[in-house]
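Okay, predicted coordinates and the sequence, questions at the end:
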Amino acid sequence: MAIAKMTICHWGLEKTSLIIPNPSWDQVRDAILRLNNEEFNDLYLQPDLRDSETYLCVGGGAGRYLVTGSIGNEIYPTAVLATRSAEPKELLTVGGQEGFYPANWILDLETALQAVEAYCLLGRPGGKATWVNA
C-alpha cells in the first residue's frame, strides 16, 4: 500500500489524534467505518512523510462522506458523484466543524471506499472514481 501515515482525529473536549504508520487497507477501511459525522469526522492519509502538503482527507461519516485532499498544496482532488447535481449544498461535519458542501461531493460508503482504496494503492487519485480539482 502507498500510504506512509494515517491520522485519525477525535473531536472530544479537545482534539486528539491517533497516528498509524504504514496502515493496512483493513485499518483504513475500519477507520472510515468508524467515522460518525460527530466526534469522529475526519482522517488523513499521507503517502509520503516528507511531503505534508500531499494527503487525502475522508470526512463526515454515518453513510455520508467527503473524500478530498491536496497535492503539493496546489491541486485539490475531490471524489464526486458525476451523476448528481452540486445543488443543494448539504451539511456535513469535517475537521471538527459543520459546513455546507456541494451535494455531488457527498459520497455513499461504497463509493467513498472505492475512491480511498484506489488512492491507497496508487498514492494519488485514480481508479474508477470521478475526481475533480476542487
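Looks like it arrived, so ask away.

Roughly how far does the closest residue to Leu122 other than its chain neighbours sit from Ala118?
Excluding the flanking residues, the one nearest Leu122 by C-beta to C-beta, 6 or more residues apart in numbering is Ala2, at 6.1 Å. No exception for glycine: its C-beta is placed from N, CA and C like everyone else's. According to C-beta to C-beta, to the nearest Å, Ala2 stands 10 Å off from Ala118.

Check this protein and tell me which residue is nearest its centre.
Among the residues of the chain, the one closest to the centroid is Val58, at 1.6 Å (C-alpha atoms, centre = their mean).

can you pull the contacts of that one?
Ile32, Leu35, Asp42, Leu43, Tyr44, Leu45, Tyr65, Leu66, Val67, Ala112, Val116 (C-beta atoms under 8 Å, 6 or more residues apart in numbering).

Would you point out the most distant pair within those residues?
Distance extremes for those: the farthest pair is Tyr44 and Ala112 at 14.5 Å, using C-beta to C-beta.

I figured Glu39 hits Leu13, correct?
No: counting by C-beta atoms under 8 Å, Glu39 stays clear of Leu13, with 9.8 Å between them.

Go ahead and name everything in contact with the helix or strand containing Leu33.
Assigned by DSSP states H and E, Leu33 belongs to helix 25-34. Applying C-beta under 8 Å, 6+ apart, the contact partners of helix 25-34 are 1, 3, 6, 8, 20, 23, 40, 43, 45, 58, 61, 65, 109, 112-113, 116-117, 120.
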